[in-house]
Structures are given as structure tokens and as C-alpha cells.
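Asks: pasting the sequence and the predicted coordinates here, then a few questions.
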Amino acid sequence: MDATPKKLLVVGDRVLIAPEEGEERTRVGLYLPQTALDALAVQGGRILATGPGTPVSEPASLEEEPWKIGAREGGRFMPMQARVGDYALFFRKAAVEITFEGKNYLVVPQAAILILVRHQEEDDDP
């Protein structure tokens, strides 16, 4: 057995979420309708890690695939809206459950996130 420490690296436009169990009111104060809870249509959780974003290409090199260009040039990505520490409410069907070192996580594409709750910071707009 390998004793080397491991860590999860999130790729692309995905986020790693510590799930919160469905309940009427989330820990951050969002109220979810019973229909959303019954069908497990939405779920919430805290974002633990984000990928770099969606790969994009230089406008001058449109004949190349974006991920090929990024691999050669160190990568260019459209940044993610989601940040580590945000609370995310997302479509449950889009989430992929994983277990890593005995803990359960969800991997969710940014497009499946409905809303982010973030503590107001000085550089954020109101």
C-alpha cells in the first residue's frame, strides 16, 4: 500500500462539494420548497475545490482545439464564478458522487449550479 499523501484535483469547469443533507432550510438560510426536497431535484453543499474553468483558445488559432493549445502554452481558461468556501445550490441529477479516503463528495459542473451564497467581501459588488 502506497503511503504517499494524495489530494483531489478538480478539472475543467467542475467543483468539488461537501454535500449537505436535504432539509427544509439550509444552514445558510435558504428555504427549499417541499417539492424540491421530495424529488431531490436540488441539493446544497459547501464548495471545497474548483477546477481552473473552461479551456479557451487564442482568437488567432481557431483551427486548433482549445485543450490542445492550453496544454502547450500553460493553459488559458474562462474563470469560474464558484469559489472555495461558497455555498452552492445545484441540480442533484448533474452531481456525481465519489468517496475519497472514506469521505463522500459530489463533483458538479458549474452549469448545474443554480445559486451561490458567499460572504460579502470588500471587493464584491452588493
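Replies: Received, thanks. Numbering: from 1, shown residues only.
Asks: number of residues surrounding the nearest residue to Val11 once chain neighbours are set aside?
Replies: Nearest residue to Val11, sequence neighbours excluded (CB to CB, 6 or more residues apart in numbering): Gly51, at 5.0 Å. To be clear about C-beta, it is placed using only N, CA and C from the backbone, and glycine gets the same treatment. When counting by other CB atoms under 10 Å, one arrives at 19 neighbours for Gly51.
Asks: quick one: the helices in the protein?
Replies: Ranges of helices in the chain, per DSSP state H, are 34-38, 66-73.
Asks: which stretch in the ones you listed is the model least sure about?
Replies: Among these, helix 66-73 has the lowest mean pLDDT, at a mean of 52.
Asks: what separation is there between Gly44 and Thr54?
Replies: Separation of Gly44 from Thr54 (CB to CB, to the nearest Å): 23 Å.
Asks: avg pLDDT for the longest strand along the chain?
Replies: Longest strand in the chain by number of residues, with DSSP state E as the criterion: strand 42-50. On average, the pLDDT along strand 42-50 is 92.
Asks: how much space separates Ala3 from Pro55?
Replies: Counting by CB to CB, the gap from Ala3 to Pro55 is 34 Å.
Asks: out of the two, which sits in the more crowded spot?
Replies: Taking neighbours as other CB under 10 Å, Ala3 and Pro55 compare with Pro55 leading, 19 against 4.
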